[in-house]
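Trainee: Mind looking at a prediction? Sequence and model below.
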Amino acid sequence: MEFDIVKFLILAVFCFIAAVVDAISGGGGLISLPAYFAVGFPPHMALGTNKLSAFLSTFASAFKFWKAKKINVEIVSKLFAFSLAGAAIGVKTAVSIDPKYFTPISFGILILVFLYALKNKNMGEKNYYKGTTPKTIILGKIMAFCLGFYDGFLGPGTAAFLMFCLIKIFKLDFSSASGNTKILNLSSNFASLVVFAFLGKLNWVYGLSIAIVMTFGAIIGSRLAILKGNKFIKPVFLVVTSILILKMSYEIFF
């Protein structure tokens, strides 16, 4: 696909917004991926190119959270490799299996996550992290591998699932969970990106140029999340999750 300035500008606007949203609560793919489809990218090329742009913007967001000391090295250092491995297997599996069979499952789980977060008003408001235990590390590794696989295979809702699991397993607040989610997303995005690149399923020109735009969005979004804290992140998390549920319900039933 040849570079077109009009397509680039359309992508730039929507992907910038996507990066801001993604840095705060995840869910940026709800905006960026449809934008790639809208300007005419074939499905697998859109997925691969979007991963390239998202990887670089997620790196910028993760760096901001790192500087703000919102990333728990003890946790992510033990889970990073499992997220990486899961995503690599997920992308390779996606080539041979139709993701539509897994969509209803993720849809159902996403509804449960949303309802639980809505019902438990104090969820994620305070950080009760007291260190890791053998049990939490085992649960964390299983979670990282499974959600890494899901991110590589299908993707929608990965950040919501990660934030929810990090809060439940390690008793983090939303702000810290958001920062650690970025690191695990970074690993799964990287693994997915390598596989897509190997398969020749990405456009480097669009991917890198849009990545620059998304990096600025990611920096703005992460600053908002860090400055505003849990009372800002949780409502955004609920709004983005509800939009994702509506989108998936439309795809399943209509």
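Mentor: All right, it came through fine. Numbering: from 1, shown residues only.

Trainee: Contacts only, for Phe63.
Mentor: By CB atoms under 8 Å, 6 or more residues apart in numbering, no residues touch Phe63. C-betas here are computed from N, CA, C, even on glycine.

Trainee: And it, how close does it get to Pro42?
Mentor: 32 Å (CB to CB, to the nearest Å).

Trainee: can you check Gly124 too?
Mentor: Separation of Gly124 from Pro42 (CB to CB): 39 Å.

Trainee: what about these two, which has more around it?
Mentor: It is Gly124, of Gly124 and Pro42, that has more neighbours when counted by other CB atoms under 10 Å, with 25 against 13.

Trainee: Now that Pro156 has come up, it's in contact with Gly29, right?
Mentor: Yes - in this structure Pro156 lies within contact range of Gly29 using CB atoms under 8 Å: 6.5 Å.

Trainee: Now do the one helix or strand Gly86 maps to, average pLDDT.
Mentor: If you go by DSSP states H and E, Gly86 is part of helix 73-96. Per-region confidence: helix 73-96 scores 89 on mean pLDDT.

Trainee: could I have the helix or strand that it is followed by exported to PDB, CA atoms only?
Mentor: Counting by DSSP H and E, the element after helix 73-96 in chain order, helix or strand, is helix 103-119. In PDB, the C-alpha atoms belonging to helix 103-119 read as follows (Å, rounded to 0.1, in the frame of the first residue of the first chain):
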ATOM      1  CA  THR A 103     -14.900 -14.000  21.000                       C
ATOM      2  CA  PRO A 104     -18.000 -15.200  23.000                       C
ATOM      3  CA  ILE A 105     -15.800 -16.400  25.800                       C
ATOM      4  CA  SER A 106     -13.800 -13.200  26.200                       C
ATOM      5  CA  PHE A 107     -17.100 -11.300  25.800                       C
ATOM      6  CA  GLY A 108     -18.600 -13.100  28.800                       C
ATOM      7  CA  ILE A 109     -15.500 -12.700  31.000                       C
ATOM      8  CA  LEU A 110     -15.400  -9.000  30.100                       C
ATOM      9  CA  ILE A 111     -19.000  -8.500  31.300                       C
ATOM     10  CA  LEU A 112     -18.100 -10.200  34.600                       C
ATOM     11  CA  VAL A 113     -15.100  -7.900  35.100                       C
ATOM     12  CA  PHE A 114     -17.100  -4.800  34.300                       C
ATOM     13  CA  LEU A 115     -19.900  -5.800  36.700                       C
ATOM     14  CA  TYR A 116     -17.500  -6.800  39.500                       C
ATOM     15  CA  ALA A 117     -15.600  -3.400  39.200                       C
ATOM     16  CA  LEU A 118     -18.900  -1.500  39.100                       C
ATOM     17  CA  LYS A 119     -20.300  -3.400  42.200                       C
END
